[in-house]
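Peer 1: What shape does this take:
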Amino acid sequence: MPSIWIQIDEPLLQSLNKVAPAAKRQRAEFIRQAVKEAIRKREYEVIREAYLHQPDSAGDADEWANAEEWKG
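Peer 2: Predicted coordinates for the structure are as follows:
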């Protein structure tokens, strides 16, 4: 797995250590998850903006009102 080096200020490091101590690699995993979440959030924002600018037409929508009742 590639490594990256980042610099953070002391207050941010202290806050990070409160939620994800360096022991047992909790801090690295916390940062990985935070980056993944930020990327996912941005991707959803891009999709949301695209739909706001060009929403589906009524003809493209699923017609759930006429769906048959499922009896399982």
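Peer 1: Which of the helices or strands spans Glu45?
Peer 2: Assigned by DSSP states H and E, Glu45 falls within helix 26-53.
Peer 1: Tell me the buried residues in that helix?
Peer 2: Across helix 26-53, burial judged by 16 or more other Cβ atoms under 10 Å covers Arg27. The way it works is simple: take the backbone N, C-alpha and C, and place the C-beta from them, glycine included.
Peer 1: so how far is it off the chain centroid?
Peer 2: 3 Å (Cα atoms, centre = their mean, to the nearest Å).
Peer 1: One more: stretch 9-28?
Peer 2: 21 Å.
Peer 1: what's next to it, contact-wise?
Peer 2: Applying Cβ atoms under 8 Å, 6 or more residues apart in numbering, the set of residues contacting stretch 9-28 from outside is 8, 29-31.
Peer 1: Regarding that stretch, how distant is the last residue from the first?
Peer 2: With Cα to Cα, to the nearest Å applied, stretch 9-28 spans 16 Å between its terminal residues.
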